[in-house]
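Q: Here is the input, now give the coordinates:
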Amino acid sequence: MLGEEVVDGRPSWILGMTPRADFRPSAPHGALLEHIEGKLWIDESDVRWAKAEAHVTETIGIGWVLAHIEPGTNFTVEQAPVENRVWMPRG
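A: Sure, this is the predicted structure:
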């Protein structure tokens, strides 16, 4: 846990994400997580992720030639509640 911060007016916990050396993916495409580190903001009241920031540490290949994501790539994804505790991506 890295601390707390307000995201879109809602208190959130900040968690650090770093791949473990012994990580073995159990889900399809889970191996992508071996090459990503970052932060995750968890909404304190709904306990849903509100924001994720990721940093690619090693090249990620998607499909045989479909795409490559290079080291140093950063991306952020945010979502917010819309109604009845349903959360949707924010633009």
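
Q: give me every residue that touches N74.
A: By CB atoms under 8 Å, 6 or more residues apart in numbering, the contact list for N74 reads 53-56. Placement of C-beta: from N, CA and C, glycine included.

Q: Quick one: low-confidence residue ranges for this structure.
A: Within the chain, no stretch has pLDDT under 70.

Q: mind checking the longest strand of it?
A: For the chain, the longest strand by residue count, based on DSSP state E, is strand 74-83.

Q: in its sheet, what does the helix or strand just after it sit against?
A: As assigned by DSSP states H and E, the chain's next helix or strand after strand 74-83 is strand 86-89. When pairs are called by DSSP bridges, strand 86-89 turns out to pair with strand 74-83 (antiparallel).

Q: Pull out the buried positions in the partner strand.
A: By neighbour count with 16 or more other CB atoms under 10 Å, strand 74-83 contains the buried residues 79-81.

Q: could you list every residue that touches the most centrally placed residue in the chain?
A: Computing the C-alpha centroid of the chain and ranking residues by CA atoms, centre = their mean puts A52 first, at 3.8 Å. Counting by CB under 8 Å, 6+ apart, A52 makes contact with 38-41, 76-78.
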